[in-house]
Structure formats: structure tokens, C-alpha cells
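Chemist: based on what follows, work out the 3D shape:
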Amino acid sequence: CWALSHLCDGPSSHIKAVVEADVCWRLVQLLMHRSWRVTKPALRTIGNIVCAEDDTDYTQHIIEAGAVPCLRQLIAHSNREIQ
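Modeler: You can find the predicted model right below:
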């Protein structure tokens, strides 16, 4: 997950490649992983995707992948870095 996070922290072409690789659904699944060491980079990657400064808004891809209920649960996560 950290590799994807760093990739999505770069140029918008990298973010586009990640989204087009159809991995958003898997990133959303990893938000609910029992280890925060997996959850944190998945959350960071999703954040990088939705905050991309590009002509295309990738937020809808993340929403359609089912992120909203997962993000709602993460608000109460025991690890402050995840909240």
C-alpha cells in the first residue's frame, strides 16, 4: 500500500494510472483491515486520489468503491493516526 500511496502523491498521470488499474475497490477493502499498518497507507492513498489536482475528479470512483461506510467507521478507530 505504501508504494501506491507514494505513487499517488506524484503527478496526476500516476493517479490516473492507479485509478485506471481498477484498484480503488481493493484500497477501500483494506480500510477495514485489522492492522492499522495496512489501513493507514490505504487511507493515505485514497486521500491522495481524491485530492488530486487534475481535470478529472476521482472522488466518485472512491465513493462507488464503497468508501463512505468505511470512512465513517474509521472516525472511531482506536489509532489516532487513522481517525
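Chemist: run the chain-centre distance for the lengthiest helix in the chain.
Modeler: Among the elements of type helix in the chain, defined by DSSP state H, the one spanning the most residues is helix 36-50. Between the centre of helix 36-50 and the centre of its host chain there is 4 Å, according to CA atoms, centre = their mean, to the nearest Å.
Chemist: which residues sit against that helix?
Modeler: When contacts are defined by CB atoms under 8 Å, 6 or more residues apart in numbering, helix 36-50 is touched by residues 1-2, 4-5, 8-9, 15, 18-19, 24, 27-28, 30-33, 58-59, 61-62, 67, 74, 77, 79, 81-82. C-beta here means a position set from N, CA and C on the backbone, and glycine is covered the same way.
Chemist: average pLDDT for the helix or strand that that helix is followed by?
Modeler: Tracing the chain C-terminally past helix 36-50 and defining elements by DSSP states H and E, one meets helix 59-64 next. Here the mean pLDDT over helix 59-64 is 94, rounded to a whole number.
Chemist: buried residues of helix 59-64, list them for me.
Modeler: 61-62 (16 or more other CB atoms under 10 Å).
Chemist: with only the CA atoms kept, save that helix in PDB.
Modeler: Listed in PDB are the C-alpha atoms of helix 59-64, where the atom choice follows Å, rounded to 0.1, in the frame of the first residue of the first chain:
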ATOM      1  CA  THR A  59     -13.700  11.100  -5.800                       C
ATOM      2  CA  GLN A  60     -16.700   9.400  -7.500                       C
ATOM      3  CA  HIS A  61     -14.500   6.300  -8.100                       C
ATOM      4  CA  ILE A  62     -13.800   6.100  -4.400                       C
ATOM      5  CA  ILE A  63     -17.400   6.600  -3.400                       C
ATOM      6  CA  GLU A  64     -18.500   3.900  -5.900                       C
END
